[in-house]
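> My questions are about this predicted structure, shown below with the sequence.
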Amino acid sequence: MPEINGKEVIFRDSMPASIWWGLFPKVASVKQGERFLEKYSWADAVALCRATIESWEFEGKPSDPASYDGLGIVAMMALVGEAHNHAIGLFNEQAGDSGEADSGRT
C-alpha cells in the first residue's frame, strides 16, 4: 500500500467494465515518461482517482470529487501517478486472464 504525504492509500482490487469504458482511452494515451499534469484534465485526474482508490487517510472520501479540491499539487500528482500505474496493472492482470480464445475472437 503506497503512502502519499505520509498517508496510506488503498487501491481497489478490480474495476468493472462500466468504469473502464470511459477511463481506458485516457489511461492508455499516457506514454512512459509523460507528465500526468499535461495529459489529464482535472476532471480526468479526479475520475481516475475516484475509480481506483478504495480508501485513504486524507480528509474526505476518495469517492467524493470535492475531497480532491483541498489536496496540494504534490499530493494530487502523486495520487494520479499511483492511480494511473494501478489502473495499468489491473488492466494487464485482466488482459492476461480474459478467458478469450487464442484466435482473438469472442
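On my side now, so go ahead.
> from here on, contacts and neighbour counts on C-alpha atoms
Will do.
> So what's the gap between the biggest helix by length in the chain and the chain middle?
For the chain, the helix that runs over the most residues, judged by DSSP state H, is helix 73-96. Taking the mean of its C-alpha atoms, helix 73-96 sits 4 Å from the chain's own mean (Cα atoms, centre = their mean, to the nearest Å).
> Does anything pack onto that helix? Which helices or strands?
strand 3-4, helix 17-29, helix 36-39, helix 42-52 (3 or more Cα pairs under 8 Å, 6 or more residues apart in numbering; DSSP states H and E).
> and for that helix, what are the contacting residues?
Contact with helix 73-96 is made by 2, 4-5, 11, 13-14, 27, 36-37, 45-46, 48-49, 52-53, 68, as judged by Cα atoms under 8 Å, 6 or more residues apart in numbering.
> Going by neighbour count, which residues of it are buried?
75-84, 86-87, 90-91 (16 or more other Cα atoms under 10 Å).
> okay, the helices and strands packed on helix 73-96, which one's buried deepest?
Counting by mean count of other Cα atoms under 10 Å, helix 42-52 has the highest mean neighbour count of these, with a mean of 20.
> Next, the angle from that one to helix 73-96.
Counting by axes from the mean of the first three to the mean of the last three Cα atoms, to 10 degrees, helix 42-52 lies at 60 degrees to helix 73-96.
> and the next element down the chain from helix 42-52?
Scanning forward in sequence from helix 42-52 by DSSP states H and E, the next helix or strand is strand 53-56.
> Run the chain-centre distance for that next one.
11 Å.
> helix or strand for Glu8, which one?
For Glu8, the element it lies in under DSSP H and E is strand 7-11.
> quick one, that strand and helix 42-52 angle?
Counting by the same axes, to 10 degrees, strand 7-11 lies at 80 degrees to helix 42-52.
> hmm, who's touching strand 7-11?
Met1, Pro2, Glu3, Thr52, Ile53, Glu54, Ser55, Trp56, Glu57, Phe58, Ala83, His86.
> Can you tell me the centre-most residue of the protein?
Ala83 (3.1 Å; Cα atoms, centre = their mean).
> This completes my enquiry, with thanks.
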